[in-house]
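In: mind folding the following:
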Amino acid sequence: MDDLTTPEKIWQRACGNGPTAPGAGDSALMAMLTFHGLVMNLGALQAIKCLDAQQIAAARAAFRTYGFGNIAGIIGAGQHAIAQGFDPDELDATLEEAYAAIIDEDGVLLRAFESHHAQQPSAYAPLAGV
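Out: Modelled structure (predicted):
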């Protein structure tokens, strides 16, 4: 881990347990990565369904923090569609397509995080031992 940049170390920390006292950026990064991980493993519909209201709100805010307001909108639309009883198969395909059109690979999130970190490094807790 010594050859990693500070943003790479923060990213890796967020993929684990996160810092003991997270900054606002750390919390946003962890919420975004949690949602994204669920989308990649279970699909967008299941990601929305298996998180509680507080986690969904955190994920939506996190996506906005990193410049993905459109993803926050997709999540909100998915919540609304679930509440309205839309066909799960059709809804899942629609959500997947919309999500993938914006975030087609993990690097999209990484670049957004790196840009945010460069502009607001104080939003992230210091790295231990640095």
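In: mind checking how far the residue nearest the centre of the chain is from residue 93?
Out: By CA atoms, centre = their mean, the chain has its centre lying nearest to residue 32, at 1.4 Å. Look at residue 32 and residue 93: by CB to CB, to the nearest Å, they are 23 Å apart. No exception for glycine: its C-beta is placed from N, CA and C like everyone else's.
In: same thing with residue 49?
Out: From residue 49 to residue 93 the distance is 15 Å (CB to CB).
In: related to what we said a few turns ago, the residue nearest to the centre of the chain is in what secondary structure piece?
Out: Element membership for residue 32 (DSSP states H and E) is helix 24-42.
In: burial of residue 100, as a residue count?
Out: Neighbourhood size, residue 100 [other CB atoms under 10 Å]: 12.
In: can you tell me the SS state at it?
Out: With DSSP: H, G, I helix; E, B strand; the rest coil as the basis, residue 100 sits in helix.
In: same thing with residue 86?
Out: In three-state terms, and counting by three-state DSSP, residue 86 is coil.
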